[in-house]
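K.L.:
generate coordinates for the sequence data below:
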Amino acid sequence: MARENKLLVVQVAGLGYSFTQAHGIVCRGAAFHPMETVFPAVTCPVQASFRTASEPVAHDVLANGFYDHTRRQTAFWEQSSALVHGARIWESFRSRGHTVGMLFWQQSLGESVDVLLSPAPIHKHHGGMIESCYSRPAGLYDRLCRAVGRPFRLANYWGPCASARASQWIAEATAALLRMPDVAPDVCLTYLPALDYDLQRHGPEHPSAARAARELKRQIALLDQAAADTGYDLLIFGDYAISSCSRGPVFPNRVLREAGFMVVREVRGKHYPDFHASRAFALCDHEIAQVYVRDAKDVEAVRERLASMSGVRQVLVLENRVGASDARAAQMTLVADEGHWMAYPWWKHCAEAPDYAAHVDIHNKPGYDPCELLWGWPPGTVSQNPRRIGGSHGRTGIGARTCWASTVISGNIATLIDLAGHVKEWMERA
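P.N.:
Residues are numbered from 1 along each chain as shown. The predicted structure is shown next:
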């Protein structure tokens, strides 16, 4: 296929515009341009917005997790592509015989692409885990492991051992895929999380952030060379900018519990959430929280309680977000003030914490927990001290701008939606 019909799209976690300027990050010599991302600026809504060129209220992915009103259960990091509503920007492109690949994007399982790679471990019945990745074609993961020379390690992707090693594996696997003419897609979307870990652990101004930037630049150079060797143009963009949260966490569930809106169930001294009895609770997700209120008569009282909290910038009531689906939508969204982030705990003493609080448990915790990036005590557990977290994201605005750079995409691009639209137009011309 001709060069102009091949494009590598690299989405970099935590790639803010100011960060690229401070650390001299470029794309094949081209400078990055600032752009506004979508709100909330967290992984799943941003990736869904790029895939559909639409706002979160349209594709219905409003956070990294949601509350199922029917089952009265929370769900985080669910991977079904059916959760993302709306037409994909590549539909016309694929209908004309072109191919699309997606590596390590959230909610990609079952996606309408030709090549797919996503972490998909098998959890054994009596404990333990078999590390693996879901791939399409079926044998692609094993083939990429041989090309890279090692398997993908989930512990490097999330948890206290998470590091740029995971990002390096993805970069090497992507480069190897581009060099496999029988399966290399015409458009390949991949993901680099190199910045995500230490910038959340310690903040964007910490010395470890410079080390993460150096790792990212090496990975971009690797992909740049692979793309040039195989005739791909390149697009790199960030999903959100990570800001310092040195002013500490905000605990909306503690306030809701004290006010009687959130109810817990005590089992052997541990306090578990009782979603059957709770009238309101907050599903915390970085700098935002989706607040679910069962009865409309409680909405104003809940809003007043949360709006009065120190560290809260804004409470957005659902009426201002026309188009959100009732199936997963919360009644309001809580936005942290600058320097703060939203922590999910409803307890005040570690002895009362549910057993999962001290472990990596991304699917069952009713909230995003960045403390999983840090070791705790006793050994083998994760931290339960939210005040150790140095960086977060989710808000939008001038200080939270992300960025993009490309060898082929151009034009007046002010927002992530604009960028997705330009990529769609590029594919329609191909």
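K.L.:
can we go C-alpha only for contacts and neighbour counts from here?
P.N.:
Fine.
K.L.:
immediately after the biggest helix by length in the chain, which helix or strand?
P.N.:
Counting residues, the longest helix found in the chain (DSSP state H) is helix 207-230. Using DSSP states H and E, the helix or strand that follows helix 207-230 in sequence is strand 233-238.
K.L.:
contact partners of the next helix or strand after that following strand?
P.N.:
For strand 233-238, the following helix or strand on the C-terminal side (DSSP H and E) is strand 243-244. By Cα atoms under 8 Å, 6 or more residues apart in numbering, the residues outside strand 243-244 that reach it are 203, 204, 205, 339, 390, 391, 392, 393, 400.
K.L.:
top of these by neighbour count?
P.N.:
Counting neighbours by other Cα atoms under 10 Å, residue 392 leads the contacts of strand 243-244 with 31 neighbours.
K.L.:
look at that one and report its pLDDT.
P.N.:
On the pLDDT scale, residue 392 is placed at 98.
K.L.:
how close does it get to residue 108?
P.N.:
To residue 108, residue 392 is 24 Å away according to Cα to Cα, to the nearest Å.
K.L.:
contacting residues around the strand or helix carrying residue 35?
P.N.:
Using DSSP H and E, the element containing residue 35 is strand 33-35. For strand 33-35, the external contacting residues (Cα under 8 Å, 6+ apart) are 17, 401, 402, 403, 404, 405, 413, 414, 415, 416.
K.L.:
inside strands: which ones of those residues?
P.N.:
402, 403, 404, 405 (DSSP state E).
K.L.:
need the buried ones from those selected in PyMOL.
P.N.:
Applying 16 or more other Cα atoms under 10 Å to these, the buried members can be selected in PyMOL as follows:
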select buried, resi 402+403+404+405
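K.L.:
dump the ones in strands among the contacts of strand 33-35 into a markdown table; add pLDDT as well.
P.N.:
A markdown table is the format used below for those (pLDDT from 0 to 100):
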| residue | pLDDT |
| --- | --- |
| 402 | 98 |
| 403 | 97 |
| 404 | 98 |
| 405 | 97 |
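K.L.:
still on that earlier bit, partner strands of the strand holding residue 35, with direction?
P.N.:
According to DSSP bridges, strand 33-35 forms sheet pairs with strand 402-406 (antiparallel).
K.L.:
may I have the partner strand exported as CSV, CA atoms only?
P.N.:
Presented in CSV, the C-alpha positions along strand 402-406 are these (Å, rounded to 0.1, in the frame of the first residue of the first chain):
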residue,chain,number,x,y,z
THR,A,402,-2.8,18.2,26.2
CYS,A,403,-1.1,18.2,22.8
TRP,A,404,-0.6,16.6,19.4
ALA,A,405,2.1,16.3,16.6
SER,A,406,2.0,14.6,13.3
